[in-house]
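J.: Test case, fold it:
(one chain, ligands or ions: 2)
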Amino acid sequence: MSQHIAFIGAGNMSRAIYGGLIRSGYPASQITATSPELDVLQTQQNTYGIHTTTDNLLATTKADVLVLAVKPQILKMVCEEIAPVVKNRKAPPLIISIAAGIECNAISKWLGVEAPIVRCMPNTPALIGVGASGLFANRFVSDQQKDAAEQLMGAVGIAEWVTEEPLLNAVTAVSGSAPAYFFLMLNAMQQAAIQQGLSADSARKLAQQTALGAAKMAIDSTESLTRLMQNVMSPQGSTEQAILSLQSNEFSEAIEAAMNACKARAEAMQKEFGG
Ligand SMILES: NC(=O)C1=CN([C@@H]2O[C@H](COP(=O)(O)OP(=O)(O)OC[C@H]3O[C@@H](n4cnc5c(N)ncnc54)[C@H](O)[C@@H]3O)[C@@H](O)[C@H]2O)C=CC1
Ligand SMILES: O=C(O)[C@@H]1CCC=N1
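T.: Ligands and ions are numbered 1, 2, ... in the order given. Next up is the predicted model:
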């Protein structure tokens, strides 16, 4: 695929996606990013060699694929701004919205046209090619456009389709927001290790490598997660005490509550910003 991809918004998530795309060999000359902030655009141009502009209409004009990557709070304003260009094109671009919580119908309404829209919930590890995205296509998306969206997000990680749009809120809870949960846990582990006497450098390296090793084992192993956990726990050993402590502090319940809060907020954002 070497279609022109325009990103409306050049923030953390856009950078993760186009950074990952370029890293995977996608031509930077086929990517445009927009932002009202000139200094941000200059940095993006210098770092990635992409086209940049403050002009959302210009970017929309030349896009085969238009990625809406602004905050949900301002998506309505941005869609209404670009609507005349989208409507006047012979064929509207494939629109990929990464905004949390905002439904395809709201975007269609703001654009004033029944455009092909793929809603995507990505995550920031896309920047290093290990992203995880959920995708949902509205009924105007052709099979070819579905393939294009899958290739785009597949270039920066794995992409899973959901058949019902509300399931994207569950994707937000399990992967979109989830890198932050792991960073929080890593930080807590590092701080505890420092308190127990390790240097900050050793604590960081050991905790990070362990997270990487555990994730790779979970991906590669045919054994269940319970079995993998039990393999670390010697009877009456040290791990058992750590797991018992986590369980008595309701670790699993805390994770479930966090994911429910995340999903509920994604649902509330639809009501708050999707009207
Ligand atoms: N950061 C994350 O981990 C994830 C974010 N998302 C979604 O991605 C979207 C963007 O989030 P972030 O990149 O984190 O936000 P961000 O604040 O880092 O980026 C937003 C960008 O939009 C630009 N912008 C502001 N007004 C604009 C306008 N009128 N026209 C064009 N650009 C404009 C800003 O200059 C900034 O570059 C949000 O809708 C969020 O829900 C989805 C999944 C994960
Ligand atoms: O926190 C947020 O709202 C966005 C959506 C998923 C990750 N970041």
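J.: how far does stretch 262-275 sit from the chain's center?
T.: Per C-alpha atoms, centre = their mean, to the nearest Å, the displacement of stretch 262-275 from the mean C-alpha position of its chain is 17 Å.
J.: Any residue of it touching ligand 1?
T.: No: no part of stretch 262-275 sits near ligand 1 under the criterion C-beta under 6 Å from any ligand atom; the closest distance found is 8.0 Å. Every C-beta, even on glycine, is put in place using the N, C-alpha and C of the backbone.
J.: Name the residues of that stretch that are buried.
T.: Using 16 or more other C-beta atoms under 10 Å as the burial criterion, the residues of stretch 262-275 that qualify are 262-263, 265-266, 269-270, 273-274.
J.: for stretch 18-35, same thing?
T.: By 16+ other C-beta under 10 Å, the buried positions in stretch 18-35 come out as 18-22, 26, 30-35.
J.: Return the closest of those residues with respect to ligand 1.
T.: Nearest to ligand 1 among these is S35, at 3.7 Å by C-beta to the nearest ligand atom.
J.: Give me the nearest residue to that closest one, chain neighbours excluded.
T.: Counting by C-beta to C-beta, 6 or more residues apart in numbering, the nearest residue to S35 once its immediate chain neighbours are dropped is A10, at 4.2 Å.
J.: any idea which helix or strand carries the one you found?
T.: Secondary structure assigned from DSSP states H and E places A10 in neither a helix nor a strand.
J.: hang on, the earlier thing: so which of the buried residues of stretch 262-275 are in helices?
T.: Secondary structure from DSSP state H places 262-263, 265-266, 269-270, 273 of the buried residues of stretch 262-275 in helices.
J.: now the residues you listed as JSON lines including distance to L41 and pLDDT?
T.: Putting those into JSON lines (distance: C-beta to C-beta, whole Å; pLDDT from 0 to 100) gives the following:
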{"residue": "C262", "distance to L41": "31", "pLDDT": "98"}
{"residue": "K263", "distance to L41": "34", "pLDDT": "97"}
{"residue": "R265", "distance to L41": "30", "pLDDT": "96"}
{"residue": "A266", "distance to L41": "29", "pLDDT": "95"}
{"residue": "M269", "distance to L41": "27", "pLDDT": "93"}
{"residue": "Q270", "distance to L41": "30", "pLDDT": "90"}
{"residue": "F273", "distance to L41": "25", "pLDDT": "91"}
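J.: Can you add distance to ligand 2 and give those residues back as JSON lines?
T.: As requested, those are arranged in JSON lines below (distance: C-beta to the nearest ligand atom, whole Å):
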{"residue": "C262", "distance to ligand 2": "8"}
{"residue": "K263", "distance to ligand 2": "11"}
{"residue": "R265", "distance to ligand 2": "7"}
{"residue": "A266", "distance to ligand 2": "7"}
{"residue": "M269", "distance to ligand 2": "7"}
{"residue": "Q270", "distance to ligand 2": "12"}
{"residue": "F273", "distance to ligand 2": "11"}
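J.: wait, isn't the residue nearest to S35 in contact with D39?
T.: No: contact criterion C-beta atoms under 8 Å: A10 and D39 do not qualify, at 10.9 Å.
J.: Looking at those two, which one has more neighbours?
T.: When A10 and D39 are compared for neighbours, A10 comes out ahead with 25 against 8, by other C-beta atoms under 10 Å.
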